[in-house]
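# Any chance you could fold what I've pasted below:
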Amino acid sequence: MPGEKERRVPRPGGAAPPASPPLAQDFNAGSLYALRSAVAAHAAAAGLSRAQVYDITAAAHELAANAVLHGAGHGTLRLWAQDEYLWCAVADDGATGNGAGPAGPGDARAHEADGSPWPVVHGHGLWMVGEIADDVRVDRGHAGTVITARFAIHSDGDGH
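Predicted structure coming up:
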């Protein structure tokens, strides 16, 4: 009903579920520019400094680009502010061209565009996300991969 507060059902252990995300956007190779614009607008609206908006936009783009290049070729990005943090979750259903599930570095199915296998080491993009974010969690399963990054919202304006 209008005017009523949203009722939150407690999770096991008493933790409240996350607030509704202010941004939930599907993406593919052709929509990464629009995704970056939406992330930047939502990060700025959450009160992040200009430097933080830049960093979070770069991190979100990297996670989405990885899903496009190394995963299913598409995914969903969710961005929300909660408990003095901005959270960014990128989900990829992991479907590959052969339907064999998620492919990643070291996976025999994973190859660069020129046909050479991906290196076994992590790429610089995921490393960069780890350097920018306060916390990064990678959850892989049969349904795909979800990478969630958490960024502190700084009130001092310096962005770091």
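# Poorly predicted segments of the chain, please.
1-21, 95-123, 155-160 (pLDDT under 70).
# where along it do the strands fall?
Using DSSP state E, the strands of the chain run over 23-28, 74-82, 85-92, 135-141, 144-152.
# what ranges do the helices span in this structure?
Listed in chain order, the helices found in the chain under DSSP state H are 32-45, 50-70, 124-132.
# Go through those and name the closest to W87.
Shortest separation from W87 across the helices of the chain is recorded for helix 50-70, at 10.3 Å, computed as Cβ to Cβ. Backbone N, C-alpha and C define where each C-beta goes, glycine included.
# just to revisit the earlier point, I'd like the strands of the chain as TSV, with distance to L63 and mean neighbour count appended.
Rendered in TSV, the data for the strands of the chain read as follows (distance: least, Cβ to Cβ, whole Å; neighbours: other Cβ atoms under 10 Å):
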stretch	distance to L63	mean neighbour count
strand 23-28	10	16
strand 74-82	8	20
strand 85-92	4	23
strand 135-141	9	12
strand 144-152	5	20
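# Rebuild these as TSV, extending it with distance to Y54.
Shown next, in TSV, are the strands of the chain (distance: least, Cβ to Cβ, whole Å):
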stretch	distance to Y54
strand 23-28	17
strand 74-82	15
strand 85-92	13
strand 135-141	18
strand 144-152	12
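# Please report the distance of the closest residue to Y85 other than its chain neighbours from H142.
Nearest residue to Y85 in three dimensions, chain neighbours excluded: R150, at 5.0 Å (Cβ to Cβ, 6 or more residues apart in numbering). Note on R150: its distance to H142, by Cβ to Cβ, to the nearest Å, is 25 Å.
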